[in-house]
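Undergrad: fold the following.
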Amino acid sequence: MAVFKNKPSKPSAAPAIHTLLGKDVTFTGEIHTGSRSLRIEGLVDGTIHSTGEVSIAPGGLVKGTIHAKHLIVTGRAEGIMKIAECLEIHGTGYVEGDVEVGSLVVDEGGTLQGVCVRKDQEAKSPEPAPESANGVAKGAPAPPPRTPAPAKDPKKPTDAPRF
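TA: Numbers count the residues shown, from 1 in each chain. This is a model prediction of the structure:
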């Protein structure tokens, strides 16, 4: 009697790289990729706009601004990064600057130097409740009425020692 097993599934292929900036290439200016992926192995000095994935390979360097859906750094990124979904900094990756992300993954050995803010995609920060004339937020219970402190009698001696 033969026993049949399911064939193991093939590993899924890596996402296609639509645009490659090669190792010895220096680009100065603006790059717009739309939803196409971009891999940087050289130097970019400027701005990258992408609604897809941007990856900076080992040896790759971006100085400037990156707007992307997903950023993977195994090289170096310096400047301002606004990442709609996920920023991944792998073991050889170095990110320096002001970063705004949906989520952040930093592997052991990866470096993030600068300011990182999580962009809350689902809920905006709550607005403070308007205050009434007496300084109490609407809907909060009113504080107990203040009673004035008794006036001190100048003829009465105080408990404090005199020196």
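
Undergrad: in the lowest-mean-pLDDT helix or strand in the chain, what counts as buried?
TA: Least confident element among the helices and strands of the chain, by mean pLDDT, DSSP states H and E: strand 19-21 (a mean of 85). For strand 19-21, a neighbour-count test (16 or more other Cβ atoms under 10 Å) marks Leu21 as buried. Backbone N, C-alpha and C define where each C-beta goes, glycine included.

Undergrad: and the following helix or strand past it, what's buried?
TA: Counting by DSSP states H and E, the next helix or strand C-terminal to strand 19-21 is strand 26-34. When burial is assessed from 16+ other Cβ under 10 Å, strand 26-34 yields the following buried residues: Ile31, Thr33.

Undergrad: what do you get for stretch 69-82?
TA: 69-79, 81-82.

Undergrad: export only the CA atoms of it, formatted as PDB.
TA: The C-alpha coordinates for stretch 69-82 follow below in PDB (Å, rounded to 0.1, in the frame of the first residue of the first chain):
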ATOM      1  CA  LYS A  69       4.600  53.000   1.600                       C
ATOM      2  CA  HIS A  70       7.400  50.600   2.800                       C
ATOM      3  CA  LEU A  71      11.100  51.200   3.300                       C
ATOM      4  CA  ILE A  72      13.700  48.500   3.800                       C
ATOM      5  CA  VAL A  73      17.200  49.700   4.800                       C
ATOM      6  CA  THR A  74      20.200  47.500   4.700                       C
ATOM      7  CA  GLY A  75      22.400  50.400   3.600                       C
ATOM      8  CA  ARG A  76      22.200  54.000   4.800                       C
ATOM      9  CA  ALA A  77      19.400  56.700   4.800                       C
ATOM     10  CA  GLU A  78      19.900  60.200   6.100                       C
ATOM     11  CA  GLY A  79      17.200  62.900   6.200                       C
ATOM     12  CA  ILE A  80      13.500  62.900   6.500                       C
ATOM     13  CA  MET A  81      11.500  59.700   6.000                       C
ATOM     14  CA  LYS A  82       7.700  59.500   6.000                       C
END
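
Undergrad: do a quick rundown of the strands in this structure.
TA: 19-21, 26-34, 38-40, 43-50, 53-56, 61-73, 76-89, 94-106, 111-118 (DSSP state E).

Undergrad: now for the fifth one, which elements pack on it?
TA: In terms of contacts (3 or more Cβ pairs under 8 Å, 6 or more residues apart in numbering; DSSP states H and E), strand 53-56 is packed against strand 38-40, strand 61-73.

Undergrad: neighbouring strands of that strand in the sheet, and parallel or not?
TA: strand 38-40 (parallel), strand 61-73 (parallel) (DSSP bridges).
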